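Peer 1: sharing a sequence plus its predicted fold:
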Amino acid sequence: MALLDRLQNDRSLSAFARQFVSLKIVTDNNAEWRQWSRQYPMTGNAIPQLYVVRADGEQLYGGAGSLPGDALPQMLLASVKRAGRFFTEEQAKFLYESVEASEQSLMSGNLLVAGVRLADLLSLGSPSDLQSYAASALKASELHQELRLQIEEAVNEANDDLQNPENVELSIQQIIPLCEAEAIYEMFPQWRADAKEVTRELGKEDRYKPLLDQAADLVRARVAASSSQVRLRGRAPSLFANVMRKYPDTKAASMARAELLAIDPDSKWLDMNVAANSASITMVEFREWSTLDGNFRTTAKLLQQESGKVQLLKDSGEIISVDVRVLSQRDQLYLKEMKR
């Protein structure tokens, strides 16, 4: 008890107070203690027994008996040096929320949002190495690697699609994955050199240039809309409106209007004239959608359908993209009716 009291009340240890979480383990008839002692062995049987365990579960110290005088703060200091970076409570919350949002977006296939939320962590350092053993920091590094792999795969698929001789008609959906990849690369200093290589060759051909410009502006608006920064997110409506104004009567303008409607239903920009097929979006009702296997259900309304995919606005405000082939027969019949 003397050691526990000192850890909690000794002012000479106050510098370490926020960098350690104190835990007291009851040893008598405690199954958790038996598991703990097997995982973290200790030499000696003296009382008290003191452990220091890093955030990733690595044991930094295990000693039996008291640590008198300066021995205790010296041990704590040595442990801190091996424990990795310390985050304030506010930083830790920001790290957790950003990582969670990025992981969810990556799992749903929304690479752009995953990249935006992961790039938010640049205020703390490189997401690939935040110099911390905290679970969220380690997860950030994993997501950074996985994001790169999925971007490369998306770029390869988009290029294969564009080079497919059976695809005689170009669409903005074929170009968007490349512009999103370019935007994500620009977010991270270690990837920035690769950004311009993504669309460099396409930019040399006149037939791609109009769609590249449209897709790049649309992606710029999407980046702003996905940001956790209030100032940047506030620019999203005007950026979507810019797409509508620059490219009237195009698919890009129609998509921009649909996405603006999702984030700001009362926006003044919605009064702008765009492609006629987008004007009916507000008339589409929310309905239940499901997959063929019944494992996925959501309430949403149709925003777009093209190139075998549908863009749905969920009642939560989230926009998702789904392959038509995985949707239920009922949904596929509905889509055919909507095309008439």
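Peer 2: Yes, it's here.

Peer 1: what residues are up against residue 25?
Peer 2: Residue 25 makes contact with 32, 33, 36, according to CB atoms under 8 Å, 6 or more residues apart in numbering. C-beta coordinates here come from the backbone N, C-alpha and C atoms, glycine included.

Peer 1: how about residue 176?
Peer 2: Each residue near residue 176 by CB under 8 Å, 6+ apart is listed here: 215, 218, 219.

Peer 1: pLDDT weak spots in the stretch 101-250 of the chain?
Peer 2: 167-168 (pLDDT under 70).

Peer 1: tell me the centre residue of the chain?
Peer 2: Nearest to the geometric centre of the chain sits residue 102, at 1.3 Å (CA atoms, centre = their mean).

Peer 1: what lies in contact with the helix or strand where that residue lies?
Peer 2: Using DSSP states H and E, residue 102 sits in helix 89-107. Outside of helix 89-107, the residues within contact range by CB under 8 Å, 6+ apart are 87, 111, 113-115, 117-118, 120-121, 124, 130, 134, 136-137, 139-140, 143, 146-147, 150, 228.

Peer 1: if you count neighbours, what's buried in that helix?
Peer 2: 91, 92, 94, 95, 96, 98, 99, 101, 102, 103, 105, 106 (16 or more other CB atoms under 10 Å).

Peer 1: what's the offset of that helix from the middle of its chain?
Peer 2: 7 Å (CA atoms, centre = their mean, to the nearest Å).

Peer 1: repeat that for stretch 148-167.
Peer 2: Mean-position distance between stretch 148-167 and its chain equals 22 Å (CA atoms, centre = their mean).

Peer 1: make residue 1 into 458 and carry on from there
Peer 2: Fine by me, first position is 458 from now on; the one you just mentioned is stretch 605-624.

Peer 1: report the buried residues of that stretch.
Peer 2: Buried residues in stretch 605-624, defined by neighbour count with 16+ other CB under 10 Å: 605, 607, 608, 611, 612, 615, 616, 618.

Peer 1: out of those, which is nearest to residue 778?
Peer 2: residue 611 (12.3 Å; CB to CB).

Peer 1: tell me how far the closest one lies from residue 631.
Peer 2: 12 Å (CB to CB, to the nearest Å).

Peer 1: next helix or strand past the helix or strand that contains residue 702?
Peer 2: Here residue 702, judged by DSSP H and E, is contained in helix 693-703. As assigned by DSSP H and E, the chain's next helix or strand after helix 693-703 is helix 708-720.

Peer 1: average pLDDT across that next one?
Peer 2: Helix 708-720 shows a mean pLDDT of 91.

Peer 1: for stretch 700-707, what is the distance to the chain centroid?
Peer 2: Centroid displacement of stretch 700-707 relative to its chain, using CA atoms, centre = their mean, is 29 Å.

Peer 1: which parts of it are buried?
Peer 2: By neighbour count on 16+ other CB under 10 Å, the buried set for stretch 700-707 is 700, 701, 704, 707.

Peer 1: cool, and stretch 652-666?
Peer 2: Under the neighbour-count criterion of 16+ other CB under 10 Å, stretch 652-666 has 652, 655, 656, 659, 665 buried.

Peer 1: who does whichever helix in the chain runs longest touch, helix- and strand-wise?
Peer 2: If you go by DSSP state H, the chain has its longest helix at helix 592-620. The contact analysis (3 or more CB pairs under 8 Å, 6 or more residues apart in numbering; DSSP states H and E) places helix 592-620 against helix 546-564, helix 568-576, helix 629-644.

Peer 1: now with 10 Å, please.
Peer 2: Applying 3 or more CB pairs under 10 Å, 6 or more residues apart in numbering; DSSP states H and E, one finds that helix 592-620 makes contact with helix 546-564, helix 568-576, helix 629-644, helix 657-660.
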